[in-house]
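**Q** predicted model, plus sequence, below.
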Amino acid sequence: MKTAKEFDEVFDSGEDLSEFIDYSKGRRPNLEQKRVNLDLPLWMIERLDQEARRLGVARQAIMKMFLAQHLEKVG
C-alpha cells in the first residue's frame with residue numbers, strides 16, 4: 001500500500017489494516033496529567049462522596065467526570 005487513498009479503500013472495505021500500522025510509534029494525545037490541589041467546602045466534598053458512592057466510583061473519578069462534562073459543554 002503506497003497512498004492514503006489506497007489505505008482508505010482497504011479501510012472502507014473492512015479489511016484488517018494492522019499489518020500497515022506501526023503501533024510502536026502510536027501515542028495517546030492529551031493524556032499527560034498534572035497534580036493540582038483544590039480546597040473545597042465540606043458540604044461539596046460530602047455531596048461528591050455521595051454521588052461517587054451512588055455510581056460506585058472514587059471521588060477523584062467523579063470530579064474528573066464532572067469537570068470534563070462541563071468543559072465539553074462550554075466549548
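**A** Yep, it's here.

**Q** may I see the buried residues of stretch 32-52?
**A** Buried residues in stretch 32-52, defined by neighbour count with 16 or more other C-beta atoms under 10 Å: Leu48, Ala52. (Each C-beta comes from the backbone N, C-alpha and C, glycine too.)

**Q** start and end of that stretch, how far apart?
**A** 24 Å (C-alpha to C-alpha, to the nearest Å).

**Q** and what of stretch 47-64?
**A** Stretch 47-64 end-to-end distance (C-alpha to C-alpha) = 15 Å.

**Q** for that stretch, give me every contacting residue.
**A** Leu40, Ile45, Met65 (C-beta atoms under 8 Å, 6 or more residues apart in numbering).

**Q** for those residues, which one is nearest Gly26?
**A** Gly26 lies nearest to Met65 out of the contacts of stretch 47-64, by C-beta to C-beta, at 25.6 Å.

**Q** quick one: secondary structure of the closest one?
**A** Under DSSP: H, G, I helix; E, B strand; the rest coil, Met65 falls in the helix class.

**Q** quickly note the distance from the residue nearest to it when sequence neighbours are not counted to Lys73.
**A** Once flanking residues are discounted, Met65 sits nearest to Val57: 7.8 Å by C-beta to C-beta, 6 or more residues apart in numbering. As judged by C-beta to C-beta, to the nearest Å, Val57 and Lys73 stand 20 Å apart.

**Q** the more surrounded of the two?
**A** Comparing Val57 with Lys73 by other C-beta atoms under 10 Å, the one with more neighbours is Val57, at 14 against 7.

**Q** secondary structure element holding the more buried one?
**A** Assessed by DSSP states H and E, Val57 sits outside every helix and strand.

**Q** try the one 4 residues further on
**A** Mapping Ala61 onto the secondary structure by DSSP H and E places it in helix 59-74.

**Q** that helix - what's its average pLDDT?
**A** Per-residue pLDDT over helix 59-74 has a mean of 94.

**Q** buried sites along it?
**A** Ile62, Met63.
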